[in-house]
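>>> Sequence and predicted structure, then a few things I'm wondering about:
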Amino acid sequence: MENKTTRRASFKKMGMGLAAIFGISSVNAMGKEPVKATKEVVGDITYDQEIPLFSGGVKHGNTLYIAGKGAHVEPYEIKAHTEIVLQELQKELEKHGSSMEKVLKVNVYLADLGDYKGMNEVFRGRFGKNPPVRTTVATYGGVPGDSLVEMDCIASLD
């Protein structure tokens, strides 16, 4: 049977591992103090009645989070909107030191699931040979701003 000291040491090690994942300072296995990851807003902040609502982008450690990008222009055609959204994502990624090839996760929100095939035709190959993890959903009531598609992403800065 495991004694309390061994169990406590195991929990402490597990807690230190979780702390590192979430950017909380702890001593690593090499006995060195890692740099604490801090949140840095890198995109514009959207306000609602003068109260900050959300950031356009955030860096945390070696990870970049880009808020949803939509295409709020005519023509209202899925391939055109997908192209605009992907160009906007690429511009934001490069502006903040990442790239399409470093994207780890993409969320795709469609106003109509019937546009899935057309969106995929434009999306295909845009993230290099090793595409990111992706979730695609159809939104109830449409995408804000009359865009046919909106995408957000998480990318590495390494």
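Nice, I can see it.
>>> all contacts plus neighbour counts: C-alpha atoms, from now on.
OK.
>>> Can you get me the start-to-end distance on stretch 41-49?
End-to-end distance for stretch 41-49: 20 Å, by C-alpha to C-alpha, to the nearest Å.
>>> per the record, what domains does this protein have?
Structurally, the chain divides into domains by automatic domain parsing as follows: 1-35, 39-156.
>>> Backbone dihedrals for the closest residue to D146 other than its chain neighbours, both of them.
Take D146 and drop its neighbours on the chain: the residue closest to it by C-alpha to C-alpha, 6 or more residues apart in numbering is H72, 6.0 Å away. Dihedral pair for H72: phi -110, psi 50, per degrees, to the nearest 10.
>>> neighbours of H72, just the number please.
Neighbours of H72 under the rule other C-alpha atoms under 10 Å: 18.
>>> any idea how far the closest residue to V133 other than its chain neighbours is from T135?
Among residues not flanking V133 along the chain, K105 sits closest, at 4.7 Å (C-alpha to C-alpha, 6+ apart). Distance of K105 to T135, given as C-alpha to C-alpha: 8 Å.
>>> cool, H96 as well?
23 Å.
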